[in-house]
Every structure is written in C-alpha cells, then in structure tokens.
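# next come a sequence and a model predicted from it.
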Amino acid sequence: MDVAFPFSCRLYRKNAEASSTLGAGAIRGSGDFSQKKQLLHPLFMLDQLPPEILARVFEIGILAWGISYLPPICIVCSAFNDVAVTEPRLWGIVTLTKDSIPSLMETQITKAKAAPLTVYVDRRVRNFKLYPVIQRLASLAENWVHADVPLSTLALCSSSDLAKSLLDLDLGRPVSGDYVSLANTFFGTLDSPIQTPRFKLRTFRAKELAKRWIIPFLSPQLVQLELCRLEEQDQALPNLFEILRLVPNIFSLKLEQIHYRVMDITTPPVHLPNLLNLDLVKVLFPSRILTKIQAPSLTTLSISGSQPSNDDEEGLSAFFVEWFQERFLPTHLHTLELIDAVDKPSIPYLIRWLSRLKRLVRLTVRDDEVGEAALASDKSNLFTALATPSEEYDGWLLPSLMELRLDTGEMSVERDLTPIARARGGIACLPQLDTLSEAFRPPGRLRFLEAPLCPNGFEPEIEEIKGLSDVVICGCLGCSMNLNWDAL
C-alpha cells in the first residue's frame, strides 16, 4: 500500500462534531439518554487520550504488522490521523524485505525525519534496486536505536555513528558475501585495525558469527545476551567464558546450538551475580558450561534439546553435583524447565539437587528418560520423591511447588500423578500435625497440573485428580487440539 495516501477522516467527522456540541449539556446531566450513550462511544473516549499514549499504541502495532498498519488507522478519526501525521517516530520503524518497494521505503524514511530508527533488514534481500535504500539507512546510523540486520548492512555504517544511540542489536551472517572482507571494512585489517568506539548496547543477539564480530559489542552495560551457532573455529569453552567475563552484569543469557568440544578444566568459574534467566537450547555438553557458571541470583533456568550423546558419559550429573554446593546453589530459583535434557544416570542427582531448591514454584519435566528411570529404580523415581517426604531431603521435595508440568512417556495417572496431587492437595495421609516437625508438615498446595492424562489413566482417575488441584490440564494431542476422538 502506498504510504503517500491522503490523510482524511470524513468517516466519523459528523459524530465527532455532534459529540463536541453535546458534551457540555451531557456533563451538566441532561436527561437525553442518546446524548449520554454517544459520549460513551469508544471513539469519543479514544479521542480524549493524550497523543503520546496513542503514538505508543500505534508504535506497538507497527512493530507487529509493519508500516501498513497506519493507513487503516488514519481513517478512523481525526485524532488518530493527527498522531500518525505529526509523529515521525512511527515512520522510523523501517522493515526492509525482498518484496519492499524502493519508492515507498524512501518516502517512509523521509517522513521519519531525525526520529530514532528501528531498522529490520531481511538477510535474503538481494534486490539491487533496494541498495540505495540500505545505503540511506546506513547514512542515518547515528539515529539507530534498535537494529536487526545482517553483517553486510552493518558494514556500511560508521561504528562511531552506531555507538551514539544504538541500544538493541540483532546481528546475523548474510546469506551470501565475503565474510572476511566485511570484517575488514568495519573493524579494519589485523595489521591496521580501526579504533572501535565503546558501544552502549543493552541487548545483543549474535547468530552464526565469529568472535571478532562479538567482542567489540560487549560491555558491562549489556543486560541481555543471546549467542546462536558460533563459528566452528570459535567452538572452545575458553572463548565462551572470555565472552561472558566481558558482560558481568547481564540479567538474561541464552545459548543456542553451541557445540563446544574443547574444554580446559583449569578454567575458573565465571561469576554472574545479576543473572536472572538462563536458557540453553540444543547445547552439546551443557554440563561443561553450567559447571563453570556461578549465578546466585538465578530465578529461571531452562535446558532443552540437550540430551547427552554416547561420548558424554556424565550427562547432567556433573552439573547437578556442582550446583548442589553452596557456592553454586541458586537459592532464588523459582522456575525450572527440563525438556529432553536428562539421562537416566543423572536423575538421582537431579532429585538430590531439587531437595535444596526450597523456593521453586514451577517445575516442567518433558523427558521419556524420567518415566523409564522411575520404573527401574526407586532412587530414580521423581514421582515418589514429589509425593512423599523423606529424611534424606529433610522433609518435602520442593515444598513451595505450585505449578507442575510432566510428560515423561512411561507414566500412570493412578500410580504416579494421583499420589502427588493427593499429597499436595491437602489430603495426604500423615500423622497428626502436632507430632510433625516443621520440615515434615504438608507442602504448599499444588495449584496447576499439566500432564497427558487421557493416554495414561481412566476417567474416574482423571476426575479424581481434577478435584485435587485448582487447574488440571490434559496435555495429550487430542485435548491440545480439542479433538473428540469418539466422534471421529
């Protein structure tokens, strides 16, 4: 749609004029119900919103649906139209894809004036007609605040201009292009490097990049870091820890598809005192990374798709053992997610580690290994550990647990889930409370339970468990898709 459309708002002009003439009488309490009803019309109330609030709402819409979100908005009423016309920041959200029309993009950049820019350039853009648009965006690098661009676009910018206002950078390798020459253009050659300014980034996401493209953007000001598929030559643990030591104040860290094969056991741990969220996705040998990270303030931990391979004998055992110790223990952890990450030998160590997480509120375990291990050994039975107190755990396992999500393959509603729901629903068969020590008193009530109930239990069992928790959800395929198998 052409962005140079006429900004007219005749659609509701008559209603707006009527509302303005009736406003004073309505406020004085006239008995005309139709006038009062008109004052309650949504458009009338939206007209009263400050332009700054409307601009922020429209900004969110453009971030979600692109600049084509504005034309329909502008014909709703004059207030909407005025905000769209007079707020350059809305036009500063620039999305460039292979289907973008150069003339429209140029018009949009002109309307943005000197406003802060949010720039997204698709890595698949190869249309030479769009190259002048990319060059113009690069010339405005000092106005960039948020950017999701390939290296080929970033290399056109001046690093000193980018460092002025850029706060959020999502950087990925282009589909094609000379990777080395791009680095030489931006940073200079190894023999004559360009002095790189200090960036003020708060968020940095790097995809398929070498360390040379990562280190210059790191600083103690960074609070969120995501690394995905680092270049093969950098697949060594010391390089990762070198990166982490440059960002000691991060709140959130995500590592995805990182396959480190070299490990130096003498590497000292990395202390991240402010780290709150840690997410590992399809990471090879996750224990080798986790055992070298100290995050005492951690509140959320997620490990997914990191099932140990044949040559990784320790699995997650080393991690659970290390984080059981006081200097590694995240005492504030309230959310734990393990998805296809645990092997059978490490489950007893997992249960032992959980016994120290007294504040954990949400637990998600989706792993067939857990169900198979529960049948093989009592020490590896997570269901029993959650359903009964033990002196080994100094009382109940996870006494603060409120949300439990389980999908462990081999599982029975009656044998595995019902005892947990009974024990944590306030009806556990226990001695009189006055004879119990504080540690062995009933745990907090389980408020939420999700598991594949239909394939693993009969209707009476499912009905019973639904009465033991506030919210019980069946996670089987049929229930997830609202399918009625009897009708099929």
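Structure received.
# quick one, domains of the chain?
Domains of the chain are assigned by automatic domain parsing as 1-87, 342-488.
# lowest average pLDDT across the ones you listed?
Among the domains of the chain, domain 1-87 has the lowest mean pLDDT, at a mean of 60.
# quick one, phi/psi of E403?
Taking degrees, to the nearest 10, you get phi -130, psi 130 for the backbone angles of E403.
# how many neighbouring residues does P269 have?
The number of residues packed around P269, counting by other CB atoms under 10 Å, is 13. Every residue, glycine included, has its C-beta placed from N, CA and C.
# can you give me the strands in the stretch 301-450 of the chain?
If you assign secondary structure with DSSP state E, counting those that start in this stretch, the strands in the stretch 301-450 of the chain sit at 335-339, 362-366, 403-407, 448-451.
# can you redo those as TSV with mean neighbour count and distance to F383?
Written out in TSV, the entries for these read as follows (neighbours: other CB atoms under 10 Å; distance: least, CB to CB, whole Å):
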stretch	mean neighbour count	distance to F383
strand 335-339	19	15
strand 362-366	20	10
strand 403-407	20	8
strand 448-451	21	11
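# next, format these as JSON lines and append distance to S297.
Output for those, formatted as JSON lines (distance: least, CB to CB, whole Å):
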{"stretch": "strand 335-339", "distance to S297": "13"}
{"stretch": "strand 362-366", "distance to S297": "17"}
{"stretch": "strand 403-407", "distance to S297": "21"}
{"stretch": "strand 448-451", "distance to S297": "25"}
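# for V413, find the nearest of those strands.
For these, the distance to V413 is smallest for strand 448-451, at 7.8 Å, taking CB to CB.
# beta partners for the nearest residue to V471 once chain neighbours are set aside?
Excluding the flanking residues, the one nearest V471 by CB to CB, 6 or more residues apart in numbering is F448, at 4.7 Å. With DSSP bridges as the criterion, F448 is bridged to E403, V471.
# enumerate every residue touching F448.
Neighbouring residues of F448 by CB atoms under 8 Å, 6 or more residues apart in numbering: M402, E403, L404, S469, D470, V471, V472, I473.
# so how do I select the buried members of the residues you listed in PyMOL?
This is how PyMOL selects the buried members of the contacts of F448, with burial counted by 16 or more other CB atoms under 10 Å:
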select buried, resi 402+403+404+469+472+473
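# sec struct for T118, please.
Taking DSSP: H, G, I helix; E, B strand; the rest coil as the rule, one finds T118 in the strand state.
# now L255
Three-state secondary structure (criterion: three-state DSSP) places L255 in strand.
# quick one: residues contacting it.
Residues in contact with L255 (CB under 8 Å, 6+ apart) are E226, L227, C228, L240, D279, L280, V281, V283, I289.
# out of those residues, flag the one nearest to I465.
Checking these against I465 with CB to CB, the nearest one is D279 at 30.6 Å.
# that closest one belongs to a strand?
Yes: counting by three-state DSSP, D279 is located in a strand.
# ok, it touching C228?
No: the pair formed by D279 and C228 falls short of the contact definition of CB atoms under 8 Å, at 11.2 Å.
# and the contacts of stretch 160-173?
Under the criterion CB under 8 Å, 6+ apart, external residues in contact with stretch 160-173 comprise 116, 123, 141-151, 154, 179, 197-209, 213, 217.
# the stretch 51-200 of the chain: helices as residue ranges?
If you assign secondary structure with DSSP state H, counting those that start in this stretch, the helices in the stretch 51-200 of the chain sit at 51-65, 70-74, 78-86, 88-91, 102-112, 131-139, 151-154, 159-165, 179-187.
# can you give me the angle the longest one makes with helix 78-86?
Here helix 51-65 points in a direction 70 degrees away from that of helix 78-86 (axes from the mean of the first three to the mean of the last three CA atoms, to 10 degrees).
# and helix 51-65, how far from the chain's centre?
The gap between where helix 51-65 is centred and where its chain is centred comes out at 21 Å by CA atoms, centre = their mean, to the nearest Å.
# report the contact partners of V149.
Counting by CB under 8 Å, 6+ apart, V149 makes contact with V119, Y120, V121, D170, L171, G172.
# now E372. Nearest residue, chain neighbours left out?
Excluding the flanking residues, the one nearest E372 by CB to CB, 6+ apart is E410, at 5.5 Å.
# next up, the contacts around that neighbour.
The contact partners of E410, taken as CB under 8 Å, 6+ apart, are D368, G371, E372, A374, L375.
# go ahead and confirm the second one touches S412.
No: taking contacts as CB under 8 Å, G371 lies outside contact range of S412: 9.4 Å.
# of those two, who's got more company?
Neighbour tally, G371 and S412, criterion other CB under 10 Å: the higher count belongs to G371, 21 against 15.
# what about the longest strand seen in the chain, average pLDDT?
Longest strand of the chain, by residue count under DSSP state E: strand 144-150. The predicted model gives strand 144-150 an average pLDDT of 92.
# next one: stretch 185-196
Averaged across stretch 185-196, pLDDT comes to 64.
# now the helices for the stretch 351-488 of the chain?
Along the stretch 351-488 of the chain, counting by DSSP H, counting those that start in this stretch, helices occupy 368-376, 382-387, 418-423, 459-466, 477-480.
# elements contacting the second one?
By that I understand helix 382-387. In terms of contacts (3 or more CB pairs under 8 Å, 6 or more residues apart in numbering; DSSP states H and E), helix 382-387 is packed against helix 347-354, helix 368-376, helix 418-423.
# I'd like those laid out as JSON lines, including distance to L130.
Output for the helices and strands packed on helix 382-387, formatted as JSON lines (distance: least, CB to CB, whole Å):
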{"stretch": "helix 347-354", "distance to L130": "51"}
{"stretch": "helix 368-376", "distance to L130": "48"}
{"stretch": "helix 418-423", "distance to L130": "57"}
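# indicate which one of the ones you listed is closest to N456.
Taking CB to CB as the measure, the helices and strands packed on helix 382-387 were each checked against N456, and helix 368-376 came out nearest at 9.7 Å.
# okay, the angle between the closest one and strand 335-339?
Going by the same axes, to 10 degrees, helix 368-376 makes 90 degrees with strand 335-339.
# need the residues that contact helix 368-376.
Everything outside helix 368-376 that qualifies as a contact, by CB under 8 Å, 6+ apart, is 307, 342-344, 347, 380-384, 408-411, 416.
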